[in-house]
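In: starting from these lines, generate the structure:
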Amino acid sequence: MTSARDLATRREVARAFVDSSSARVIGAFLMLAVVLRAAMGGLIWGDLVAVAVVVVLLGPVEWVIHRMLLHAQPTNRVAELLGTRDSHERHHRVPDDLDWLLLRRPNAIGSCLAIVLPLAAIALVLGALQLISPEVARAAAASTTTAGLLALAHYEWVHLLVHSKYRPTSRYYAHLDRNHRLHHFRNERYWLGVTVDVGDRLARTLPVDRDAVPMSDTVRAPLATASDPF
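Out: I've put the predicted structure just below:
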């Protein structure tokens, strides 16, 4: 097993991230999206709308995916078909195992396609119905795809960072680090946001007092040498 706990510096984390199948797949999709958008010409108002939509929806979407697909019940056919429940359960068994911490190649491809295909379909429909011009629809779809893939890459980076031995120094990333460790080592039904806590705030799964949350029966002991990772 290759452990994220072996990564002590931000440089080591970055090297492990770049070498991962997840980063390579997302990077390939992202490069194609950027090239496609650049070929469509300069920025337009639709680009700003696209980025705003991703920013607004990021927190709730991240929460829903984490709760409904990653921590799905065995009877959830969608999660079983996608393999998200099983792979995430393996991650929770040994949180620092790099083989299951980042998206495996098939899951990374599926995640990227889940961003690209619906947006492409929406662009085609909006253009065909002439609700907006086909040019604006295509440009907005390419920009939204780019922003969505960047958000996915950031998710993977943060997830790897908080499982490594490196402790973030910025207030924002230290906050994310604490929340995700609580999610693993306190109760998996809380602190579901990885890169942003908006979804947790809306769903009331971001308790101020961690001691008010009961220890989950399925929580896993941390691999750190200390008995309490906080």
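
In: can you list the buried residues in stretch 120-138?
Out: 123, 126-127, 136-138 (16 or more other C-beta atoms under 10 Å). Quick note: C-beta positions are derived from backbone N, CA and C, even for glycine.

In: where exactly do the helices run in the protein?
Out: Taking DSSP state H as the test, the helices found in the chain are 10-19, 21-39, 45-64, 77-82, 84-93, 98-101, 105-128, 134-163, 171-185, 198-203.

In: tabulate those (a markdown table), appending mean pLDDT and distance to His71.
Out: Shown next, in a markdown table, are the helices of the chain (pLDDT from 0 to 100; distance: least, C-beta to C-beta, whole Å):
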| stretch | mean pLDDT | distance to His71 |
| --- | --- | --- |
| helix 10-19 | 95 | 24 |
| helix 21-39 | 95 | 20 |
| helix 45-64 | 90 | 11 |
| helix 77-82 | 83 | 9 |
| helix 84-93 | 90 | 7 |
| helix 98-101 | 92 | 14 |
| helix 105-128 | 85 | 15 |
| helix 134-163 | 92 | 15 |
| helix 171-185 | 94 | 10 |
| helix 198-203 | 96 | 13 |
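
In: most tightly packed of those?
Out: Burial of the helices of the chain is given as mean neighbour count (mean count of other C-beta atoms under 10 Å); helix 134-163 ranks first at a mean of 22.

In: quick check, central residue of this structure?
Out: In the chain, the residue lying closest to the centroid (C-alpha atoms, centre = their mean) is Tyr155, at 3.6 Å.

In: the residue nearest to that residue when sequence neighbours are not counted: neighbour count?
Out: With sequence-adjacent residues excluded and distances taken as C-beta to C-beta, 6 or more residues apart in numbering, Tyr155 is closest to Thr195, at 5.2 Å. Counted with other C-beta atoms under 10 Å, the neighbours of Thr195 add up to 20.
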